[in-house]
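Asker: Output the structure for:
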Amino acid sequence: MHTRLLRFLATTLLLCGLGLLVSASVGAAPPPPKFWSPARCQRVMLARPLAPPSQVLCVGIGGPSFSRWTSGHRARLYSEFRVFTRYRQTNVRGVGLEPGVVRSFMLATRARPGFTRVVSHWGDQYEGWPADFFRAHRRLLATHATPGRFRSIVAPIAARLTQQKKATGCTGG
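Answerer: Modelled structure (predicted):
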C-alpha cells in the first residue's frame, strides 16, 4: 500500500511538472523572425511603447550571411540594419518641440557579440521574454533637427549604404 501511494505521488508530480512546462512554453511570446524587411524594421521602431521616434529610416545592410530573398525574389530581407531616428526634443513641461535629436545605430534581429538586448514588452525581461532586437554602435548625428534636416542628413548616408548592399550578394529564398 505504501509503495502504491509513493508511485501515485511520483506520477502526479511528474505529470504536473510536464503540464507546467508545456503551459509555460505555450504562453511565452514567440521569438522574433530572423529576417525583416526595412518596412518591418521601421514599424517595429515606430511601435515602441516607450518614447517612439517621430521619424525612422531603416537600411538593410550586410552580405550573404545577413540577407536573403523571399520566394520569387520579390523582396530582400535582412538580419542587420542601420537605423536612423529623430526624436522630438521636449521642454520642461514635456511638450514636444519640433526640432529633434537625430541618432543612428545598428540593429540586429538576432543576438550578436557587442549588441545589447532590447526588450520592449511590459513584462519582466527576466521572465523569459525574448528580445525584440539587439542594438549597438549608437551615435548622435545632429541636434535641433527639423523633419527636413533629418532627411537631408540621412539621405546621402542611406544612398551610400544602398549602393554598397547592391554590390553584395544575397542568399536564395
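
Asker: any low-confidence regions in this structure?
Answerer: Within the chain, the stretches with pLDDT under 70 are 1-33, 49, 90-98, 120-130, 167-173.

Asker: all strands of it, in order?
Answerer: 55-60, 67-69, 76-78, 80-90, 96-108, 116-118, 133-145 (DSSP state E).

Asker: got the buried residues for the second one?
Answerer: In terms of neighbour count (16 or more other Cβ atoms under 10 Å), strand 67-69 has its buried residues at 67-68. C-beta coordinates here come from the backbone N, C-alpha and C atoms, glycine included.

Asker: I'd like to know which elements it is packed against.
Answerer: When contacts are defined as 3 or more Cβ pairs under 8 Å, 6 or more residues apart in numbering; DSSP states H and E, strand 67-69 packs onto strand 76-78.

Asker: now the fourth one
Answerer: Contacts of strand 80-90 with other secondary structure elements, assessed using 3+ Cβ pairs under 8 Å, 6+ apart, are made with helix 38-46, strand 55-60, strand 96-108, strand 133-145, helix 147-167.

Asker: Parallel or antiparallel, list what pairs with it.
Answerer: With DSSP bridges as the test, strand 80-90 is paired with strand 55-60 (antiparallel), strand 96-108 (antiparallel).

Asker: what sits up against the first one?
Answerer: With Cβ atoms under 8 Å, 6 or more residues apart in numbering as the contact definition, strand 55-60 has outside contacts at 37-39, 41-42, 45-46, 66-67, 76-78, 80-86, 100, 107, 147, 150, 154, 158, 161-162, 165.

Asker: Now the buried members of these.
Answerer: 37-38, 41-42, 45, 66-67, 76-78, 80-86, 100, 107, 150, 154, 158, 165.

Asker: Redo the strands paired with strand 80-90 as a markdown table? Include distance to residue 118.
Answerer: Formatted as a markdown table, the strands paired with strand 80-90 follow (distance: least, Cβ to Cβ, whole Å):
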| stretch | distance to residue 118 |
| --- | --- |
| strand 55-60 | 14 |
| strand 96-108 | 8 |
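
Asker: any idea which of those strands is most buried?
Answerer: Mean neighbour count (mean count of other Cβ atoms under 10 Å) peaks for strand 55-60 among these, with a mean of 22.

Asker: which ones are touching residue 154?
Answerer: The contact partners of residue 154, taken as Cβ under 8 Å, 6+ apart, are 57, 84, 102, 141.

Asker: If you tally nearby residues, what's the number for residue 132?
Answerer: Burial of residue 132 is recorded as 19 neighbouring residues (other Cβ atoms under 10 Å).
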